[in-house]
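Asker: here is my input; please provide its structure:
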Amino acid sequence: MKLITPEQSGISSAAIERFLKALEDAGLSTHNILIERSGDILFEKYYPPFTADFLHREYSQSKSLVALAVGFAAQDKLLGLDDPIGKYFEKETANIPDPAMAAQTVRQMLMMSTPKAGEYWFSARTDDRVRHYFATTRTTAAPGSRFQYDSTGSFVLGALVERLTGMSFVEYLRKKLLDRIGVSKELTCLECPGGHSWGDSAVLATARDMMKLCRFVLDGGRVGGEQLLDAEFIREATSALIPTAGIESRRRSSYGYGYLIWKLRDGFYFNGMGCQFSIAVPEKDMIFIYNGDNQGIDDAGDIIIDSFYDLIVSAAGEPLPENPPAKTSLDEYAGSLELMSARGDKTSPLEREINGKLWTLDENPMGIKTLRLTFGEDCKLEYTNAQGDKALSFGMCSNRFGLFPEEGYSRKIGSVPCPGNYYKCAASAAWKDERTLLIDVQIIDEYFGRLWITLGFDQDRIAVEMKKVAEDFLWTYSGSAMGVCE
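Answerer: Next up, the predicted model:
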């Protein structure tokens, strides 16, 4: 692997700059972008404070790694793809309310073709997520009959690999693959209650790690001419084995599903919440890695993927003559990009009237009793809630980095509170009009989340609205309130 110019790869620097601008124009929160072709990196960008060494939460891209682990376990004859899952979880499936949960096969679970009612496992606060899955989840149609997204099923497949190998699925993958392809030693996975890896959502990896994994799959499971993983398994894993939508369309999820890997137009991709993408385009021998946090922005994924295909893939061809001015323009523009921040006006005449005033709120879902805004070199939102007095620093149309003031969210084990723990965050604000301030909070830790706080002012009254999008935290930061100035 070497670094080359876009032109050497057959893609113009100007096309990549247009792609970056399309993402910026859409107001997306991008953390990193990496484009590789034929084994060479032609573009790599990390948006400060993110760096090449940052272990990014991959969310449901983790599932695709579980699929590889299952493939290796099948190759090692530790399991059969058409075995019922109950064969390996006899204790957990004994006397369960729905026998079909034990009858579903490993292959059906890989294809998410074991229809079940939706499950939000976090609120159960279970001490064993595997047991909870079989004891509480029910099928809604015959296994194998249709696609229905089942996140916890892929977690159970990861737990299956761990039960059969006696090691974490990441350790097993490291033994079979990761070290061989140069994946960082630091790649890891958070855990779930019960001791198993959080394999459906919590792999932490660098962008280059994901590039190497995606390249391995694009190369059909071969490394240096050696077939490490069965080629037929890889072919099936990246095929449209089951439809995911009734009508084919441009939408990324409508091209079908393989083994915990999505089919995409003429390629495939690993897909994680918030826009964690590892996209392979076999026809162009190209890989695209994107990490960000665009939770709550419904069309973000379509904007990213469609722009990539329209501006990059469609233009990729034979090597081009070097174009130093275009390359310089790309480098300068890319170098100017940082983590997205709130957009609007930096100041409002109203600031002088409300600066430092204390607002008392009516009873509200957030449990916030009072709040105060201060403007200046260190802008702050100070408030009092059930945990006590809090302060959130923010920049005006720029990010202020620090710790989100709520204490005790999960760390290594999902859904389990961690006393004394705080998440890193970036907070920015902008005036949307003279009387409306928007504060945009991005949680940027092993857990990602978004929080939008809208504050509207009318003489001596304040209207507060909070909207959060996060997996299992920020619960007390959702709702609305009215208040008055003391």
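
Asker: contacts, neighbours, all on C-alpha from now
Answerer: OK.

Asker: now do the helices in the stretch 251-400 of the chain.
Answerer: With helices called from DSSP state H, counting those that start in this stretch, the stretch 251-400 of the chain shows them at 300-311, 324-336, 351-354.

Asker: go through those and name the closest to Ser151.
Answerer: Evaluated with CA to CA, those place helix 300-311 nearest to Ser151, the distance being 18.8 Å.

Asker: what is the closest one packed up against?
Answerer: If you count contacts as 3 or more CA pairs under 8 Å, 6 or more residues apart in numbering; DSSP states H and E, helix 300-311 packs onto helix 13-25.

Asker: returning to that earlier point: in CSV: the helices of the stretch 251-400 of the chain, plus distance to Gly274 and mean pLDDT.
Answerer: As requested, the helices of the stretch 251-400 of the chain are arranged in CSV below (distance: least, CA to CA, whole Å; pLDDT from 0 to 100):
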stretch, distance to Gly274, mean pLDDT
helix 300-311, 8, 95
helix 324-336, 22, 98
helix 351-354, 34, 96
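
Asker: for Leu20, which of these is the nearest?
Answerer: helix 324-336 (7.6 Å).

Asker: what's in contact with the closest one?
Answerer: Helix 324-336 is contacted by residues 5, 13-14, 16-17, 20, 45 when judged by CA atoms under 8 Å, 6 or more residues apart in numbering.

Asker: extract the C-alpha trace of it and format it as PDB.
Answerer: Extracted C-alpha coordinates of helix 324-336, given in PDB (Å, rounded to 0.1, in the frame of the first residue of the first chain):
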ATOM      1  CA  PRO A 324      -0.700  20.500  -9.600                       C
ATOM      2  CA  PRO A 325      -3.100  23.500  -9.300                       C
ATOM      3  CA  ALA A 326      -6.100  21.200  -8.800                       C
ATOM      4  CA  LYS A 327      -4.200  19.100  -6.300                       C
ATOM      5  CA  THR A 328      -3.100  22.200  -4.400                       C
ATOM      6  CA  SER A 329      -6.600  23.500  -4.400                       C
ATOM      7  CA  LEU A 330      -7.800  20.100  -3.000                       C
ATOM      8  CA  ASP A 331      -5.100  20.100  -0.300                       C
ATOM      9  CA  GLU A 332      -5.900  23.600   0.800                       C
ATOM     10  CA  TYR A 333      -9.600  23.100   0.900                       C
ATOM     11  CA  ALA A 334      -9.400  19.700   2.700                       C
ATOM     12  CA  GLY A 335      -6.900  21.200   5.200                       C
ATOM     13  CA  SER A 336      -9.400  23.900   6.100                       C
END
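
Asker: quick one: distance of that helix to the chain centre.
Answerer: Distance, stretch centre to chain centre, for helix 324-336: 28 Å (CA atoms, centre = their mean, to the nearest Å).

Asker: then stretch 124-143?
Answerer: In terms of CA atoms, centre = their mean, the gap separating the centre of stretch 124-143 from the centre of its chain is 23 Å.

Asker: domains in this protein, by residue range?
Answerer: 6-334, 351-485 (automatic domain parsing).

Asker: same list (the ones you listed) but as JSON lines, adding mean neighbour count and distance to Arg343.
Answerer: As requested, the domains of the chain are exported to JSON lines (neighbours: other CA atoms under 10 Å; distance: least, CA to CA, whole Å):
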{"stretch": "domain 6-334", "mean neighbour count": "19", "distance to Arg343": "9"}
{"stretch": "domain 351-485", "mean neighbour count": "18", "distance to Arg343": "6"}
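
Asker: now render those as a markdown table, adding distance to Gly344.
Answerer: Shown next, in a markdown table, are the domains of the chain (distance: least, CA to CA, whole Å):
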| stretch | distance to Gly344 |
| --- | --- |
| domain 6-334 | 12 |
| domain 351-485 | 5 |
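
Asker: which one, of those domains, ends up nearest to Met340?
Answerer: The nearest among those, by CA to CA, is domain 6-334 at 5.1 Å.

Asker: from start to finish, how long is that closest one in a straight line?
Answerer: Domain 6-334 has an end-to-end distance of 14 Å (CA to CA, to the nearest Å).

Asker: just stretch 238-255 next, same as before
Answerer: 11 Å.

Asker: with stretch 187-206 instead?
Answerer: So stretch 187-206: terminal residues 7 Å apart, CA to CA.

Asker: contacts for that stretch, please.
Answerer: Here stretch 187-206 makes contact (CA under 8 Å, 6+ apart) with 52-63, 66, 126-130, 151-152, 154-155, 158-159, 162, 168-170, 184, 186, 209, 272, 412-416, 446.

Asker: mind checking the pLDDT average for that stretch?
Answerer: Mean per-residue pLDDT for stretch 187-206: 98.

Asker: can you check stretch 366-386 too?
Answerer: 97.

Asker: returning to that earlier point: out of the contacts of stretch 187-206, which are inside strands?
Answerer: Mapping the contacts of stretch 187-206 onto strands (DSSP state E) picks out 56-57, 272.

Asker: from Leu65, how far off is Phe147?
Answerer: In this view, Phe147 and Leu65 are 20 Å apart by CA to CA.

Asker: let me fix that, I meant to ask about Pro419.
Answerer: According to CA to CA, Pro419 stands 31 Å off from Leu65.

Asker: for the stretch 201-350 of the chain, give me the ranges with low pLDDT.
Answerer: Judged by pLDDT under 70, the stretch 201-350 of the chain has its weakly predicted residues at 246-253.

Asker: quick one: the strands in it?
Answerer: Remark: strands assigned in the stretch 201-350 of the chain by DSSP state E, counting those that start in this stretch are 203-205, 222-223, 226-227, 262-264, 267-272, 276-281, 286-292.

Asker: Ile41 belongs to a strand, doesn't it?
Answerer: Yes - counting by DSSP: H, G, I helix; E, B strand; the rest coil, one finds Ile41 located in a strand.

Asker: which residue packs closest to Leu173, ignoring adjacent ones?
Answerer: Nearest residue to Leu173 in three dimensions, chain neighbours excluded: Ala69, at 5.9 Å (CA to CA, 6 or more residues apart in numbering).

Asker: show me the contacts for the one you found.
Answerer: Taking CA under 8 Å, 6+ apart, we find Ala69 in contact with 158, 161, 169, 172-173.

Asker: Serialize these to CSV and add fields for pLDDT and distance to Asp302.
Answerer: Below are the contacts of Ala69 laid out as CSV (pLDDT from 0 to 100; distance: CA to CA, whole Å):
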residue, pLDDT, distance to Asp302
Gly158, 98, 29
Val161, 98, 33
Phe169, 98, 31
Tyr172, 98, 34
Leu173, 98, 31
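
Asker: make a markdown table from these and add distance to Ser29 to it.
Answerer: Shown next, in a markdown table, are these (distance: CA to CA, whole Å):
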| residue | distance to Ser29 |
| --- | --- |
| Gly158 | 30 |
| Val161 | 35 |
| Phe169 | 30 |
| Tyr172 | 33 |
| Leu173 | 31 |
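
Asker: and the closest residue to Asp458 other than its chain neighbours, what pLDDT?
Answerer: What sits nearest to Asp458 in space, not counting adjacent residues and going by CA to CA, 6+ apart, is Arg435, at 7.3 Å. pLDDT recorded at Arg435 is 98.

Asker: how about the nearest residue to Arg215, chain neighbours excluded?
Answerer: Per CA to CA, 6+ apart, closest to Arg215 is Ile287, 7.1 Å.

Asker: so how far is Ser201 from that neighbour?
Answerer: Ile287 is 22 Å from Ser201, where distance means CA to CA.

Asker: check Arg174 too.
Answerer: In terms of CA to CA, Arg174 sits 18 Å off from Ser201.
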